[in-house]
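K.L.:
all I have is the shape, not the residue letters:
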């Protein structure tokens, strides 16, 4: 498939995503979202704001949630990120995983700001990302009824009726952040490729300092491609941290249920940047990973100052 044919096919998939309700989660069609796009521009230019708002505005429900396809797409992207990181998913183990990883990352980076800007999705976003994960379902169009319950990250795993409110795993957002942090230290993606004892790509994550400096005499030898991959993951972390900037001032206060994301070793909190951050993340393609990390720290500092101001005002 040529570049122009690929773009046309992806645009048609975008139209179907927002126009055809309740596409089955186990349909192989979903794989096109992480296989077809060939660049960041394919995702950010072809997926227009109107397309995204059609996906997040659900006129068919009154329970303040997006179209079911939005949920399914997020599950598909996170599940693929996990599969690519933890096991060999291609027949040829030497097939590069970066194209599919980057497409999943770009899809989430593109979609999240439009979820945040929709005030009616605030409660849903909290439940979907930051509360313990529960079973999901898709409307059965053939029988015009709710379909069977299943694990969103594994649609083939059906769950018993009546378990709608049972917790099946930790929050999806926490799981996603763990995956993204690991991708920043994954050989063959953000670090130089390594081979295991069998000559296959080594998927063992190594938390090592990227560049030499104080306390580290040897850099990891990241290539330009490694740096670009790491930068895109950092941009998604930046988008994930932007929730608080979409809240009205009356809700931006101490004790908010949307605290800021801290990049600590093993505990994460959430919140962060500019209202249009998601739409402009790819305008500065030469920005280094260090600059993107600095953006995260800057947002953290800005929020801390706002919190101190609010605390002083309240006293």
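P.N.:
Okay, I see it. Not measured: the values here are computed from a predicted model.
K.L.:
can you tell me how far residue 104 is from residue 139?
P.N.:
Computed as Cβ to Cβ, to the nearest Å, the residue 104 to residue 139 distance reads 25 Å. Quick note: C-beta positions are derived from backbone N, CA and C, even for glycine.
K.L.:
those two - which one has more neighbours?
P.N.:
Neighbours per residue (other Cβ atoms under 10 Å) separate residue 104 from residue 139, with residue 104 holding more: 24 against 15.
K.L.:
give me the below-cutoff pLDDT ranges for the stretch 1-150 of the chain.
P.N.:
Applying pLDDT under 70 to the stretch 1-150 of the chain flags residues 1-2, 59-63.
K.L.:
how about the strands in it?
P.N.:
Secondary structure of the stretch 1-150 of the chain (DSSP state E, counting those that start in this stretch): strands at 133-134, 139-140, 145-146, 149-151.
K.L.:
which SSE is immediately downstream of the longest one?
P.N.:
Counting by DSSP states H and E, the next helix or strand C-terminal to strand 149-151 is strand 154-159.
K.L.:
can you list contacts of that next one?
P.N.:
Residues outside strand 154-159 that contact it (Cβ atoms under 8 Å, 6 or more residues apart in numbering): 24, 25, 26, 75, 79, 135, 148, 149, 150, 151, 166, 168.
K.L.:
partners of it, with directions?
P.N.:
Take DSSP bridges as the rule and strand 154-159 pairs in its sheet with strand 149-151 (antiparallel).
K.L.:
and for the partner strand, what's in contact with it?
P.N.:
By Cβ under 8 Å, 6+ apart, strand 149-151 touches 25, 135-137, 156-161, 163-164, 168-169.
K.L.:
which one of the contacts of strand 154-159 is nearest to residue 94?
P.N.:
residue 79 (22.7 Å; Cβ to Cβ).
K.L.:
surely the closest one is in contact with residue 153?
P.N.:
Yes: because the distance of 4.4 Å satisfies Cβ atoms under 8 Å, residue 79 is recorded as touching residue 153.
K.L.:
can you map out the helices along the stretch 101-250 of the chain?
P.N.:
With helices called from DSSP state H, counting those that start in this stretch, the stretch 101-250 of the chain shows them at 122-130, 172-183, 224-240.
K.L.:
tell me the contacts of residue 179?
P.N.:
78, 81, 82, 85.
K.L.:
mind running it again at 7 Å?
P.N.:
Going by Cβ atoms under 7 Å, 6 or more residues apart in numbering, residue 179 touches 81, 82, 85.
K.L.:
now do the same end-to-end measure for stretch 18-27.
P.N.:
When the termini of stretch 18-27 are compared using Cα to Cα, to the nearest Å, they are 16 Å apart.
K.L.:
contact partners of it?
P.N.:
Against stretch 18-27 from outside (Cβ under 7 Å, 6+ apart): 29, 51, 54-55, 60, 67-69, 72, 75, 138-139, 141, 150, 155-156.
K.L.:
from residue 189, how far off is residue 232?
P.N.:
Residue 232 is 10 Å from residue 189, where distance means Cβ to Cβ.
K.L.:
when those two are compared, which one has more neighbours?
P.N.:
residue 189 (26 against 21).
K.L.:
can you tell me the closest non-neighbouring residue to that one?
P.N.:
Spatially, and ignoring its direct neighbours in sequence, residue 189 is nearest to residue 229 (5.3 Å; Cβ to Cβ, 6 or more residues apart in numbering).
K.L.:
quick one: the one you found from residue 102, how far?
P.N.:
Using Cβ to Cβ, residue 229 is found at 7 Å from residue 102.
K.L.:
same question, residue 237
P.N.:
Distance, residue 237 to residue 102, by Cβ to Cβ: 14 Å.
K.L.:
higher neighbour count, these two?
P.N.:
The neighbour count for residue 237 versus residue 102, taken as other Cβ under 10 Å, is higher for residue 237 (24 against 21).
K.L.:
wait, the more buried one sits on residue 183?
P.N.:
No: here residue 237 does not reach residue 183: they are 10.1 Å apart, not a contact under Cβ atoms under 7 Å.
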